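Chemist: Here is my input; please provide its structure:
(chains A and B, ligands or ions: 3)
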Amino acid sequence: MFHRPSTLTEALELKSRLKDKGVFLAGGTDLVVGVAKGRLAVEHWIDLSGVPGLSYVREEREELAIGPLATHAMLERSAFAPALAQAARTVGGPAIRNRGTIAGNLGTASPAGDVSVALLALDATLTLVRSQGSRAVPIRDFFVGPGKTRIAPDEMIQEVRIRRPADSAFLKLGKRQSVAIALVSAAAVRQSDGRVAIALGSVAPVPLRAAQTEAHLAIAGLAPDAIREAAGLVSAEVKPIDDHRASADYRRALSGVLVRRLLEQLAAASSNHESAAPV
Amino acid sequence: MIGSTPEATGQAERSWTLSFTVNGQRHELAIHPERTLLEVLREDLHLTGTKGACLEGECGSCIVLVDGVPQNSCLILAPQMEGREVVTIEGLADGTVLDPVQRAFVDNGAVQCGFCTPGVVLSTKALLATNPHPTYDEVRRGLEGNICRCTGYMKVLGAAMAAASAEGPGVADASPEDRPRP
Ligand SMILES: Cc1cc2nc3c(=O)[nH]c(=O)nc-3n(C[C@H](O)[C@H](O)[C@H](O)COP(=O)(O)OP(=O)(O)OC[C@H]3O[C@@H](n4cnc5c(N)ncnc54)[C@H](O)[C@@H]3O)c2cc1C
Ligand code: FES
Ligand code: FES
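Modeler: Ligands and ions are numbered 1, 2, ... in the order given. This next block holds a predicted model:
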């Protein structure tokens, strides 16, 4: 059955009636492929394309509010948090970025979800809504396993919010430059209080925060020695597997290289910033 | 249904009414709601210029413009196009006058088997609409979602660059020999 609600209320009522049998359809870049390839069967589609007001990227002072149907193309154009724009920029090709959405990337919960990795480093807050009300979930608690999240069977992602970072960056290495799933991806964020957050993709069953490496940086800062040590730590901290794309060892090595490059970028930007400041 | 032939589904359950615009013309169609835009364009509207190859978003041969931006029609369920404006490769030429992008592809020998060409031309068209004077690198990035098995891309990229510098309207297709070669 295909349902095309024209209001949010109607969409949520359908979902609370159908529960797991009802599947929200956003851009369809994961769902339609899954069905076409026979990996998944959908009993009830709940298409969100007829619900107005779900596609926005809005700066509200020091926060960015993102609607669930905001596309990668829209995220790519936002200068609010470079890591988010850079991550969105690496998703598929332009036509995929014009369809794929932020909520779809989170909902798919792939360990390789590029935008999900950037949002994890940015400590995004997700608003999950159902007919009876809404709740805020920190992204750290959101991913449970490949394809598994904390969204209840009657809930949908209503909004994603991030705070403005002092600086941030994202890097990904795939088998080629374009339309390639990440062998490893990584995002680093320097918050305004100086704290550095690091998240990686394709190195664990879910997008991973590198907590030990972050703890090291909190003490050691971004001096060249500290960055070298962080690269070593992150290689030990990730939990990749061997698959047809790359070996676990290669992914460990890559994790260290990407994190080192990201931290060097953040360090260079912050020292430029300091030397540019009036004395 | 997604990926299956109209015979397989019998299109029996044409339970959905879709109203949308294709190449400037309004259509109201009775369809099975789980058909893709690609299937509806080709099988219901007989617009077979749009090609299907991978059916998983990887190759770009099914790209059409939806409200002016390129999207993979193999990933769109047709009911999602309610009220939208779709442009397919058939919508570019004005009678026998080719669109400047099509003209540039012909003139630059950028077409071999032609299977990827509709998607590549529409991606180029969309790129030039937002960025009329792209750099070579911007053209490469604009076409990164289009795979071509034949040309090795150099002619394609050359044609797209030529289209960007082409000025004025398309030229009548009647006697392409008369056209100056770049
Ligand atoms: C050729 C190709 C290349 C790709 N390359 C990349 C890449 O490089 N990096 C990358 O990260 N991804 C990539 N993807 C995957 C995909 O494009 C993204 O994950 C995309 O963000 C999914 O969004 P969507 O709107 O298309 O989701 P859909 O397919 O519509 O939905 C995906 C899942 O999210 C759920 N969902 C959607 N909206 C909501 C909501 N509001 N609330 C709750 N659940 C919701 C759906 O029910 C479904 O389970 C690629 C896909 C293709 C086809
Ligand atoms: S057929 Fe749609 S991208 Fe290949
Ligand atoms: S010309 Fe044959 S695929 Fe491009």
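
Chemist: low-scoring stretches of chain B, by residue?
Modeler: B:1, B:3-12, B:167-182 (pLDDT under 70).

Chemist: Could you tell me which residues of it lie near ligand 3?
Modeler: B:111-117, B:148-151 (CB under 6 Å from any ligand atom). Where C-beta positions appear, they are placed from N, C-alpha and C, glycine not excepted.

Chemist: out of those residues, what pair is the most spread apart?
Modeler: Greatest spatial distance in the residues of chain B next to ligand 3: B:Val111 and B:Arg149, 12.6 Å, computed using CB to CB.

Chemist: Tell me which of these two has more neighbours.
Modeler: Using other CB atoms under 10 Å in any protein chain shown, the more surrounded residue of B:Val111 and B:Arg149 is B:Val111, with 20 against 12.

Chemist: what's the distance between that one and B:Gly52?
Modeler: 19 Å (CB to CB, to the nearest Å).

Chemist: now do B:His46
Modeler: For B:His46 relative to B:Gly52 (CB to CB), the value is 14 Å.

Chemist: Name the residue of chain A that lies nearest to chain B.
Modeler: Here chain A gets closest to chain B at one residue, A:Gly93, 2.0 Å apart by CB to the nearest CB.

Chemist: Keeping just the C-alphas, turn stretch A:214-221 into PDB.
Modeler: In PDB, the C-alpha atoms belonging to stretch A:214-221 read as follows (Å, rounded to 0.1, in the frame of the first residue of the first chain):
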ATOM      1  CA  GLU A 214      39.500  12.700  22.500                       C
ATOM      2  CA  ALA A 215      40.600  12.300  26.100                       C
ATOM      3  CA  HIS A 216      44.200  12.400  25.000                       C
ATOM      4  CA  LEU A 217      43.700  15.600  23.000                       C
ATOM      5  CA  ALA A 218      41.900  17.200  25.900                       C
ATOM      6  CA  ILE A 219      45.100  17.000  27.900                       C
ATOM      7  CA  ALA A 220      47.800  17.200  25.100                       C
ATOM      8  CA  GLY A 221      46.200  19.800  22.800                       C
END
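
Chemist: just how off-centre is that stretch within its chain?
Modeler: Averaging C-alpha positions (CA atoms, centre = their mean, to the nearest Å) puts stretch A:214-221 23 Å from its chain's average.

Chemist: cool, stretch A:29-48 as well?
Modeler: 21 Å.

Chemist: ok, is that stretch in contact with ligand 2 or not?
Modeler: No - Stretch A:29-48 is not in contact with ligand 2 by CB under 6 Å from any ligand atom; minimum separation 9.5 Å.

Chemist: any idea whether the residue lying closest to the residue of chain A closest to chain B once chain neighbours are set aside is helix, strand or coil?
Modeler: Nearest residue to A:Gly93, sequence neighbours excluded (CB to CB, 6 or more residues apart in numbering or on different chains): B:Gly145, at 2.0 Å. Following DSSP: H, G, I helix; E, B strand; the rest coil, B:Gly145 is assigned to coil.

Chemist: again, but for A:Ser270
Modeler: Under three-state DSSP, the three-state class of A:Ser270 is helix.

Chemist: That one touches A:Arg190, doesn't it?
Modeler: Yes - between A:Ser270 and A:Arg190 there is a contact at 6.7 Å, judged by CB atoms under 8 Å.

Chemist: Report the set of residues contacting both of the two.
Modeler: A:166-167 (CB atoms under 8 Å, 6 or more residues apart in numbering or on different chains).

Chemist: Comparing those two, which residue is more hemmed in?
Modeler: A:Arg190 (21 against 16).

Chemist: how close does that one get to A:Gly221?
Modeler: If you go by CB to CB, the gap between A:Arg190 and A:Gly221 works out to 11 Å.

Chemist: what do you get for A:Arg228?
Modeler: Distance of A:Arg228 to A:Gly221, given as CB to CB: 13 Å.

Chemist: do B:Gly60 as well
Modeler: 45 Å.

Chemist: This completes my enquiry, with thanks.
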